[in-house]
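In: fold the following for me, if possible:
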Amino acid sequence: MNRFFLGLYVVAFATPVAFAQNRTDDPIADNADRDGGPLIVTAYWENDGGYLKRNNLRDRHYTNGMGITVAHQPKWADDLAKHVPFGEGFTDGPLRTAAGYTAGQLMFTPDNIGLAAPQPMDRPWAGYLYGGVYWQRADNRQFDHLQLDVGVLGPSSGADEVQSGTHEWVDDTDPKGWDNQLADEPTFQFYGRRKWRYDLKTPRADNSLAIQAIPTVGVALGTVYVNAEAGATVRAGWNLPDDFGPGRLADPASATSKKDERHEGWSLYFFGRGTARLVAHDIFLAGGVFEDGPGVEERELVGEFQGGVAVAYERHDMTLAATYSQTFQTETFDGQRNGDEYGALTIALTFWD
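Out: From the prediction side, this is the model:
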């Protein structure tokens, strides 16, 4: 099964190359006189309870995720572009690169967090703490994101302390089952994604409506996830940013924007994103790779829809952006009674050179 997903990744990244024109031997030759890039600090928070998603007032399954990324456009990211394969198709304008650093924590619980006894028919308690580095490249039409994370699953993630402390602070249900969580073990994870951006409606004048479609393919290979996904985002709004759609904790936003493509003042758009995912392994469902523990059988096909709104304001070489969304997911394991839902809030601050 792992070979299948590895092959799917190669096909997904290589297919556009077969139909693209060859570019110069130096993929960053056109970037010699480019302006300085941004420094982007982004905070992500995803939660399935009443804090972000009012139609579900209790913790359930994917109950909380939070993280931070710091991205910039260093010279070494340009240099790396010469050695990363499948870049021949980036011919629509100069190649831009970026790099980022990420850290986050995820927590998963059964449906009933007030029960101390094991719940073998529901997903196991699990906490995950990770850090990683990612590299990106883009032209005017397409975008690549490659990411490598290392982390720890289990009590050392601190998920027990975070959820218990938060619930005590807000006087919510005491989560009683963390003694049953998956055991400590190290994790290693790789992600690869490619996106394309198409203008469905080009603005005829400043501040007029624009519509874009952003198809996506991706793969995850590692001890945490083994899967392949395909989907698309459609967004419509005013002064659309020079990126490849809204970011989220599992898919950081592009940091390859050009300085001369900024929009002074306000930017606003609404978006919808649909994704289908083929799943071969999910450690938070199946249980540990190196340690025995509780687990359930993963569903091989999972569907997901996300809808939301993004707003940004720029002034004096600084941009403040916020995104709010709701995500609806089909059942992820055998025996699950209905799909999951969670809200997400993203805050990004960009400093331009």
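
In: what's opposite residue 152 in the beta bridge?
Out: residue 129, residue 186 (DSSP bridges).

In: quick one, what contacts it?
Out: If a contact means CB atoms under 8 Å, 6 or more residues apart in numbering, then residue 152 has 128, 129, 130, 184, 185, 186, 187 as its contacts. Placement of C-beta: from N, CA and C, glycine included.

In: now the last one: closest residue in space, sequence neighbours ignored.
Out: Beyond its immediate neighbours in the sequence, the residue positioned closest to residue 187 (CB to CB, 6 or more residues apart in numbering) is residue 151, lying 4.5 Å away.

In: residue 61 versus the one you found, what's the distance?
Out: For residue 151, the distance to residue 61 (CB to CB, to the nearest Å) stands at 20 Å.

In: if we ignore the residues flanking it in sequence, what's nearest residue 107?
Out: For residue 107, the nearest residue in space outside its immediate sequence neighbours is residue 159; the separation is 4.0 Å by CB to CB, 6+ apart.

In: isn't the one you found right up against residue 128?
Out: Yes. In this structure, residue 159 is within contact of residue 128 by CB atoms under 8 Å, at 7.2 Å.

In: who's more crowded, those two?
Out: Neighbours were tallied for residue 159 and for residue 128 using other CB atoms under 10 Å; the higher tally belongs to residue 159 (26 against 23).

In: and the more buried one, what pLDDT?
Out: Reading off the per-residue confidence, residue 159 sits at a pLDDT of 94.

In: in what helix or strand does residue 280 lie?
Out: With elements delineated by DSSP states H and E, residue 280 resides in strand 265-282, which encompasses its position.

In: show me what contacts residue 249?
Out: Residue 249 makes contact with 44, 46, 65, 66, 67, 104, 106, 344 under the criterion CB under 8 Å, 6+ apart.

In: which helices and strands does the strand or helix carrying residue 350 pack with?
Out: With the criterion set as DSSP H and E, the secondary-structure element containing residue 350 is strand 340-352. With contacts defined as 3 or more CB pairs under 8 Å, 6 or more residues apart in numbering; DSSP states H and E, the packing partners of strand 340-352 are strand 38-47, strand 61-72, strand 318-329.

In: so how far is it from its chain's centroid?
Out: Using CA atoms, centre = their mean, to the nearest Å, the distance from the centre of strand 340-352 to the centre of the chain it belongs to is 11 Å.

In: is the spatially most central residue of the chain bridged to anything, and to what?
Out: Closest to where the C-alpha atoms of the chain average out (CA atoms, centre = their mean) is residue 251, at 1.6 Å. Beta-bridge pairing of residue 251, defined through DSSP bridges, involves residue 248.

In: surely residue 277 is in contact with residue 304?
Out: Yes. In this structure, residue 277 is within contact of residue 304 by CB under 8 Å, at 6.9 Å.

In: hmm, back to that, list the contacts for the residue nearest to the centre of the chain?
Out: Neighbour list for residue 251: 145, 193, 218 [criterion: CB under 8 Å, 6+ apart].
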